[in-house]
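# Mind looking at a prediction? Sequence and model below.
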Amino acid sequence: MLIVPATKKLLPLAGPSIAGDDDWGTTLLGPWYATVLFWRPRIVLLVNEMTLLPVLLHWHLRSP
């Protein structure tokens with residue numbers, strides 16, 4: 001299970017979390033963290049805590 005703590009900039013865009021405070025991820029690489037980069041297109045930057053591996057994801061906005 002992948003649980004990614006988000007920065008304050010990403011939280012309003014991502015919506016409420018469904019993970020509890022005592023939940024942890026079970027990936028082999030360990031914990032990941034995420035923030036949003038306000039580029040065009042909008043990008044989410046995920047970074048692995050153990051390896052510092054960066055991953056860029058395109059952020060698709062959902063229409064209401």
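Structure's in. What do you need?

# hey, let's count contacts and neighbours off CA atoms from now on
Noted.

# Just the buried positions in stretch 31-45, please.
Across stretch 31-45, burial judged by 16 or more other CA atoms under 10 Å covers 31-37, 43-44.

# Need these in CSV (columns: distance to Trp59 and secondary structure).
Formatted as CSV, the buried residues of stretch 31-45 follow (distance: CA to CA, whole Å; DSSP: H, G, I helix; E, B strand; the rest coil):
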residue, distance to Trp59, secondary structure
Pro31, 21, coil
Trp32, 17, strand
Tyr33, 15, strand
Ala34, 12, strand
Thr35, 11, strand
Val36, 9, strand
Leu37, 10, strand
Ile43, 5, strand
Val44, 6, strand
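
# Of those residues, just say which sits nearest to His58.
His58 has its nearest neighbour among those in Ile43, at 4.8 Å by CA to CA.

# hang on, the closest one packs against Leu37?
Yes. The pair Ile43 / Leu37 is scored as a contact, 5.2 Å apart, by CA atoms under 8 Å.
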